[in-house]
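**Q** pasting the sequence and the predicted coordinates here, then a few questions.
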Amino acid sequence: MRSLANFILFQLGWFVAVLYPGQLAALAGVAIVAGHLMFISAFPQREFRFILMATVLGSVLDVVHQNLGTLSFPGHEGAYASGMIPAWLVMLWAVFATAVNHCLYWMRHNRLVLFGMPPFAGALAYAAAERVGTIEIGYGLWGIVAIGVGWGLIYPVLVRISQWLESIEEAPLHEQRW
């Protein structure tokens, strides 16, 4: 039931961010993460640490894409034009981080899925956001490939960080679940 609730909140967060980028999406992301930590997570302190780490790494990845011209934000000027990503995208990374240890937990047990699915799923999510005008992907197909490569690298790293946090848990569980 927790995984289903997490999946619904994750999808809600993604749709709000993509359809209403801005302050509303950032606030929705904060609310989703807070609700997740209060009502879904069995280990909220550990998961909060993971969400912070994943959000920083994901945001760095998007800043790199933005600075390389692979990712841009139409209609945004100022800080977004000089290498920063919007707050709603940072919060979307936090919302995504909640899914890694819940509705996407199953992926860590199959190496083919762990390494094969994120490049396609990540690139597809960004392409969908581009289709509705939330973001722009530079360099055409090569930009999508670059985003996929980024996701192919970052997702296994996030899973490894999650496993490391599980391993330092004071009271190990028979089957470690978040």
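**A** Structure received.
**Q** next, count neighbours for the nearest residue in space to Ala121 that is not next to it in sequence.
**A** Once flanking residues are discounted, Ala121 sits nearest to Trp151: 7.2 Å by C-beta to C-beta, 6 or more residues apart in numbering. From N, CA and C alone the C-beta is placed, and that goes for glycine too. By the criterion of other C-beta atoms under 10 Å, Trp151 has 22 neighbours.
**Q** pretty sure Trp151 sits against Gly116.
**A** No - Trp151 is not in contact with Gly116 according to C-beta atoms under 8 Å; the separation is 11.1 Å.
**Q** before we move on, the earlier item: what secondary structure does the residue nearest to Ala121 sit in?
**A** Put simply, Trp151 is helix when judged by DSSP: H, G, I helix; E, B strand; the rest coil.
**Q** tell me where the chain has helices.
**A** Using DSSP state H, the helices assigned to the chain run over residues 2-19, 23-35, 44-68, 87-100, 111-131, 141-167.
**Q** what angle do the longest one and helix 111-131 make?
**A** The reference is to helix 141-167. Inter-element angle recorded for helix 141-167 and helix 111-131: 130 degrees (by axes from the mean of the first three to the mean of the last three C-alpha atoms, to 10 degrees).
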